[in-house]
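In: Sharing a model that was predicted from the sequence below.
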Amino acid sequence: MTEQAFNLKDRIAKLLLDEPFFASLSRSINKVRDDSIPTAMVRVTDDGRYEMVYNNEFFSKLPVVQQLGVLKHEFLHLVLEHIGDRHVKDVPGRMLNIAQDLAVNSHLQGEIPEWGCMPGEGPFKDYPLGESMEWYLAKMLEDQKDQDQGNSGSGDSSGSGDSSPSGGGEGDSSDGSPSDSDDGDSQSEEMIGDHSQWQAVDGESRQLEQMAQQRLKEDIKKAAQEASSSAKGWGSISAATKKEILERLETKVDWKKVLRYFIKTSQRSNRSSSIKRINKRYAYIHPGKRVKRTAKVAIAIDQSGSVSDEMLGMFFHELNKLSKLATFVVVPFDTDVDESKVYEWKKGQRRPTERVLHGGTCFDAPTTWANKNGVDGLIILTDLEAPKPAHCKSQRMWMTTKQNAARPYFQTNERILVVD
């Protein structure tokens with residue numbers, strides 16, 4: 001292998017020329033040289049940011065293409081959220097780290113050192129490319145279970161000849177690649193970087209990590225915007241990877257929390273007789289009541305001319321996710337609610353985006369409908385571009401884009417869900 005003197009600034013300059021997405025992301029991540037670590041790593045700093053730490057000698061022994069590949073490898077760990085929150089309980093740390101590397105290296109064929117973990121090669125020859133960390137982890141656990149059952153059946157407890165994907169040792173050999181362990185394991189694939197600090201954390205460390213994650217998300221959004229507007233586009237990033245990155249940038253509404261909120265604050269409930277619960281007022285005389293709260297939720301969709309087709313499509317995208325959890329009533333409106341257009345969206349159903357109205361906007365219309373029909377919760381999907389409505393007897397929330405939430409037509413203390 002031809003050794004190349006490694007200069008981080010030169011490599012970053014190369015990224016700036018050929019990889020707009022990674023170049024933009026790199027500018028937001030501090031780089032620190034530390035030759036005490038074997039290869040490279042990303043970590044959270046004391047001020048709540050991510051930084052990359054690298055061993056200069058390790059990089060200097062790699063060809064330029066692999067130097068760039070390892071840089072992208074570390075950045076992809078951040079993009080794919082492999083730090084902190086992705087820690088999995090009761091799973092060997094090394095197995096989890098290898099699964100993370102398999103997910104990242106799937107996007108870097110021909111760009112990483114030959115000893116790196118790669119789906120379709122070595123002990124991972126039966127592993128397809130392009131799967132998630134969770135998929136690879138499940139596959140490794142399944143393989144490990146099959147192997148343990150096989151060893152138990154044969155009575156072989158020596159462990160010799162073990163080719164389990166989770167095996168192998170760590171270290172740093174003279175050729176710049178982590179060395180194999182001396183326990184008889186024949187596998188050579190290793191982790192590219194040091195994942196030792198990627199553990200679940202609590203307290204102050206957890207707060208720092210949440211701060212770093214939020215900052216990183218903004219940095220990734222900026223990098224995606226720069227890549228999309230660049231003449232070079234997204235560089236070497238595949239269409240599938242680009243799609244995954246953009247999907248991760250979507251603001252996710254936690255519909256389970258929303259539904260729990262409506263149910264908790266509901267004033268109505270379904271009641272049924274029960275001999276299991278004692279009637280507190282007339283013990284053993286009258287049966288008790290078993291209470292099962294089922295909030296009736298209405299979704300009012302603003303279909304006025306000021307709501308674009310793109311925004312309307314975004315709303316229906318979120319409603320298709322909500323329908324996985326519950327049945328709800330859809331109330332299309334503009335200046336009025338047309339009762340003939342109100343319908344029930346059943347749990348499990350998927351629906352295409354649909355525009356049925358084109359008028360102005362009046363938030364009193366869905367509010368009056370909700371007050372008249374006695375719902376427990378009302379969510380109004382809108383651009384917020386109309387006067388403040390009358391009081392709603394039930395819990396009322398709003399859903400809009402980040403841009404519209406920043407400049408609403410009126411001020412409200414009611415909760416605003418943001419999608420972007």
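Out: Perfect, thanks for sending it.

In: who are the neighbours in contact with the most centrally placed residue in the chain?
Out: The chain has R248 as the residue nearest its centroid, 5.1 Å off, counting by C-alpha atoms, centre = their mean. Going by C-beta atoms under 8 Å, 6 or more residues apart in numbering, R248 touches V79, L80, E81, I220. C-beta here means a position set from N, CA and C on the backbone, and glycine is covered the same way.

In: Check P332 and give its pLDDT.
Out: pLDDT, P332: 97.

In: contacting residues around it?
Out: For P332, the contact set (C-beta under 8 Å, 6+ apart) comprises A300, I301, Q303, D338, K341, V342, V356, L357.

In: wait, which of those is closest to P389?
Out: A300 (10.4 Å; C-beta to C-beta).

In: Export the contacts of P332 to CSV and append columns for pLDDT and neighbour count.
Out: Below are the contacts of P332 laid out as CSV (pLDDT from 0 to 100; neighbours: other C-beta atoms under 10 Å):
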residue, pLDDT, neighbour count
A300, 97, 27
I301, 97, 25
Q303, 94, 21
D338, 91, 13
K341, 95, 15
V342, 97, 16
V356, 93, 12
L357, 90, 19
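
In: Neighbours of V32, how many?
Out: The number of residues packed near V32 is 10, by other C-beta atoms under 10 Å.

In: Not counting sequence-adjacent ones, nearest residue to K393?
Out: Nearest residue to K393, sequence neighbours excluded (C-beta to C-beta, 6 or more residues apart in numbering): N371, at 4.9 Å.

In: The one you found falls within a helix, correct?
Out: Yes. According to DSSP: H, G, I helix; E, B strand; the rest coil, N371 belongs to a helix.

In: mind checking how far it is from K402?
Out: 30 Å (C-beta to C-beta, to the nearest Å).

In: which one is T368 nearest to, not counting chain neighbours?
Out: In space, T368 is closest to A390, 7.2 Å off (C-beta to C-beta, 6+ apart).

In: Strands of the stretch 101-250 of the chain, residue ranges please.
Out: Listed in chain order, the stretch 101-250 of the chain contains no strands at all (DSSP state E, counting those that start in this stretch).

In: Could you pull out the helices in it for me?
Out: 133-154, 203-229, 239-249 (DSSP state H, counting those that start in this stretch).

In: Go through these and name the closest to L108.
Out: Smallest distance to L108 across the helices of the stretch 101-250 of the chain (C-beta to C-beta): 10.0 Å, for helix 239-249.

In: which parts of the closest one are buried?
Out: For helix 239-249, the neighbour count (16 or more other C-beta atoms under 10 Å) marks T241, K242, E244, I245, L249 as buried.

In: Now render these as TSV, adding pLDDT.
Out: Below are the buried residues of helix 239-249 laid out as TSV (pLDDT from 0 to 100):
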residue	pLDDT
T241	84
K242	87
E244	82
I245	84
L249	76
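
In: So which of those is the closest to R415?
Out: L249 (22.6 Å).

In: pLDDT score assigned to the closest residue in space to the closest one that isn't next to it in sequence?
Out: With sequence-adjacent residues excluded and distances taken as C-beta to C-beta, 6+ apart, L249 is closest to K221, at 5.6 Å. For K221, the pLDDT comes out at 87.

In: Walk me through the domains of this protein.
Out: Under the assignment automatic domain parsing, the domains of the chain span 8-249, 255-419.

In: which one of these has the lowest average pLDDT?
Out: Mean pLDDT is lowest for domain 8-249 out of the domains of the chain, coming in at a mean of 77.

In: Quick one: distance of that domain to the chain centre.
Out: 17 Å (C-alpha atoms, centre = their mean, to the nearest Å).

In: go on, stretch 378-395?
Out: Taking mean C-alpha positions (C-alpha atoms, centre = their mean), stretch 378-395 and its chain are 30 Å apart.

In: and the end-to-end length of that stretch?
Out: 6 Å (C-alpha to C-alpha, to the nearest Å).

In: now do stretch 112-123
Out: First-to-last distance for stretch 112-123 - C-alpha to C-alpha - comes to 17 Å.

In: Of all the residues in that stretch, which ones are buried?
Out: I112, P113, W115, G116, C117, M118, P119, G122, P123.

In: could I get the residues you listed as JSON lines with distance to V53?
Out: What follows is these, written out as JSON lines (distance: C-beta to C-beta, whole Å):
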{"residue": "I112", "distance to V53": "18"}
{"residue": "P113", "distance to V53": "18"}
{"residue": "W115", "distance to V53": "20"}
{"residue": "G116", "distance to V53": "18"}
{"residue": "C117", "distance to V53": "20"}
{"residue": "M118", "distance to V53": "24"}
{"residue": "P119", "distance to V53": "27"}
{"residue": "G122", "distance to V53": "27"}
{"residue": "P123", "distance to V53": "28"}
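
In: Next one: the closest residue to A240 other than its chain neighbours from L71, what distance?
Out: Spatial nearest neighbour of A240, chain neighbours left out: G130 (6.2 Å); criterion: C-beta to C-beta, 6+ apart. According to C-beta to C-beta, G130 and L71 sit 21 Å apart.

In: and if you look at Q403?
Out: From Q403 to L71 the distance is 33 Å (C-beta to C-beta).

In: More neighbours: those two, which one.
Out: More neighbours surround L71 than the other of Q403 and L71, with 24 against 11 (other C-beta under 10 Å).

In: residues in contact with that one?
Out: Counting by C-beta under 8 Å, 6+ apart, L71 touches R11, L15, F22, S26, M52.
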